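**Student:** Dropping a prediction and its sequence here:
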Amino acid sequence: MQIIFLIILYISFLSLGFGSSLIGVAWPSIQAEMGLPVSYGGYISTVRTLAVIIVCYLLGKLVARWGTGKVGMYACILMTVAWLGFALAPSYIWLLLSAFPLGFGAGALDSSFNDFMAQNYSASQMNWLQSFWGIGAVVGPLIMSSTVARPGGWRTAFFIITGIEALIALLLIFALPMWKQVAATHAEEKSQTELSSQDYRLHNANLHPIKMPGMGLSMACFFLYNATETSIAMWSATWLGTIRKMSESDASSQVSLYFLGITVARLISGVVAVKLSNDHLLRIGQILLIIGSIMLFLPIPAGISLIVLGVASGPIMPTMIHESPRRFGVLGTSNPVGFQMGTAFLGGTLIAPLVGKICVAFGFQAFPVLLLVMASILLLCNSLLNRTMAHLRNT
């Protein structure tokens, strides 16, 4: 049963990857058909991201009311309805209205399943779970590219995704009885020694996440990491075209190497996490992120630099999430995980556009500088957080 349960969780994460890549790929076709300004695509992304942030901050209350299994099931049903809304959209307003339930469902499924994995499974399984996001992010554009030139065009792709999402929702309905059994099994496996080593944090269950010792630094790490990841995803192609003088198609293919690096790194991290601690995985990823940023200054193929940045990024988010129970206690971690992930999305929403504005004002040669600054501050914040948590463990 454990293996079947894990497979269902992994498959559910494919749907998160669809949402991360599909709308952007479909936008040129949607914009042309509806006669919309190119910039309107950004508003769809903004609505979706705001919904994700809202639901992340509500995670603790949602899980307390319905449990993780039902939250994930409702989230998947909500995303199914949202994708159907995109497929049937008669106007731009309809797209905006569909973006909100898509973001709300994606945020609920993402944060609740990550919270459950952090409490009940190893860092290896957390990384493998996150790698399925990358697979979904790759598959989504492939579905779109295979349908966009055929009758039905981009709408056909959204209908296909709607069908896949509906099947995933059925799997989650099937898995509902498994949740309590799996949680109970893992609770029995946790040794009394492990629990007692975290006694100093058990009182955190009654605290607002912001008041938990070390939470401010942890949220800063999530904020900075996602700001860096989103900036790379959003502006790398423009940097390649402006500074490296690449064509749009060549730049797009180069940026895909970044996402490939993330996916491969998470698959590999799932293996090496058996030997390396979370602290080591985080430090390696963050140092590689600095190295990858420096490589953008050098006269080497940009694809190599983007692969390094992707490999560096891969283990950081899943490993930070997996650290939540160890850092903030085994009780009531839904609120901490939700707040940290909400802050991560907030970082991407606020900082990535700011990076673009700075690059427009001072030239895209500033892009690697900004990445290097954010990666360096991330490493500093993580080091300060480790020192803070070590001090708490010793008091």
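**Tutor:** Received it, and whenever you're ready, just let me know what you need. Residues are numbered from 1 along each chain as shown.
**Student:** for the protein, what are the low-confidence residue spans?
**Tutor:** 21, 183, 186-209, 248-249, 329-334, 395 (pLDDT under 70).
**Student:** quick one, domains of it?
**Tutor:** Here the domain parsing of the chain from automatic domain parsing is 2-181, 201-393.
**Student:** Save those domains as a markdown table, and put in mean neighbour count too.
**Tutor:** (Each C-beta comes from the backbone N, C-alpha and C, glycine too.) Formatted as a markdown table, the domains of the chain follow (neighbours: other C-beta atoms under 10 Å):
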| stretch | mean neighbour count |
| --- | --- |
| domain 2-181 | 19 |
| domain 201-393 | 20 |
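**Student:** I'd like the distance between residue 272 and residue 123.
**Tutor:** In this view, residue 272 and residue 123 are 10 Å apart by C-beta to C-beta, to the nearest Å.
**Student:** got any residues that touch both of those two?
**Tutor:** Residues touching both residue 272 and residue 123 by C-beta atoms under 8 Å, 6 or more residues apart in numbering: residue 281.
**Student:** Going toward the C-terminus from whichever strand or helix holds residue 339, what's the next helix or strand?
**Tutor:** Counting by DSSP states H and E, the element that carries residue 339 is helix 334-362. Using DSSP H and E, the helix or strand that directly follows helix 334-362 along the chain is helix 367-393.
**Student:** can you pull out the helices in the stretch 101-250 of the chain?
**Tutor:** Here the stretch 101-250 of the chain has its helices, by DSSP state H, counting those that start in this stretch, at 123-147, 153-175, 178-189, 192-196, 215-242, 248-272.
**Student:** Of the ones you listed, which is nearest residue 31?
**Tutor:** Nearest to residue 31, of all those, is helix 153-175, at 10.3 Å by C-beta to C-beta.
**Student:** picking that back up, could the helices of the stretch 101-250 of the chain go into CSV alongside distance to residue 98?
**Tutor:** Converted to CSV, the helices of the stretch 101-250 of the chain look like this (distance: least, C-beta to C-beta, whole Å):
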stretch, distance to residue 98
helix 123-147, 16
helix 153-175, 9
helix 178-189, 29
helix 192-196, 44
helix 215-242, 22
helix 248-272, 24
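**Student:** Ok, which of the ones you listed comes nearest residue 85?
**Tutor:** For residue 85, the closest of the helices of the stretch 101-250 of the chain is helix 153-175, at 8.8 Å, according to C-beta to C-beta.
**Student:** what about dumping the CA coordinates of the closest one to CSV?
**Tutor:** Extracted C-alpha coordinates of helix 153-175, given in CSV (Å, rounded to 0.1, in the frame of the first residue of the first chain):
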residue,chain,number,x,y,z
GLY,A,153,-5.4,24.4,-31.4
TRP,A,154,-4.6,25.5,-27.8
ARG,A,155,-8.0,24.6,-26.6
THR,A,156,-7.4,20.9,-27.4
ALA,A,157,-4.3,21.0,-25.2
PHE,A,158,-6.3,22.4,-22.3
PHE,A,159,-9.0,19.7,-22.8
ILE,A,160,-6.3,17.1,-22.7
ILE,A,161,-4.9,18.5,-19.4
THR,A,162,-8.5,18.7,-18.0
GLY,A,163,-8.8,15.0,-18.7
ILE,A,164,-5.5,14.2,-17.1
GLU,A,165,-6.4,16.3,-14.1
ALA,A,166,-9.7,14.6,-13.7
LEU,A,167,-8.0,11.2,-13.7
ILE,A,168,-5.6,12.4,-11.0
ALA,A,169,-8.6,13.6,-9.0
LEU,A,170,-10.1,10.1,-9.2
LEU,A,171,-6.8,8.7,-8.0
LEU,A,172,-6.9,11.0,-5.0
ILE,A,173,-10.4,10.0,-4.2
PHE,A,174,-9.3,6.4,-4.4
ALA,A,175,-6.4,7.2,-2.0
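**Student:** Might you calculate how far that helix sits from the centre of the chain?
**Tutor:** Counting by C-alpha atoms, centre = their mean, to the nearest Å, helix 153-175 is centred 20 Å from the centre of its parent chain.
**Student:** now for it, which elements pack on it?
**Tutor:** In this structure, helix 153-175 makes packing contacts with helix 2-34, helix 68-88, helix 123-147, judged by 3 or more C-beta pairs under 8 Å, 6 or more residues apart in numbering; DSSP states H and E.
**Student:** Next, the angle helix 215-242 makes with the first one.
**Tutor:** Right, helix 2-34. Counting by axes from the mean of the first three to the mean of the last three C-alpha atoms, to 10 degrees, helix 2-34 points 50 degrees away from the direction of helix 215-242.
**Student:** repeat for the second one
**Tutor:** Counting by the same axes, to 10 degrees, helix 68-88 points 30 degrees away from the direction of helix 215-242.
**Student:** Which other helices and strands does helix 68-88 contact?
**Tutor:** Where contact means 3+ C-beta pairs under 8 Å, 6+ apart, helix 68-88 is packed against helix 2-34, helix 59-66, helix 92-120, helix 153-175, helix 178-189.
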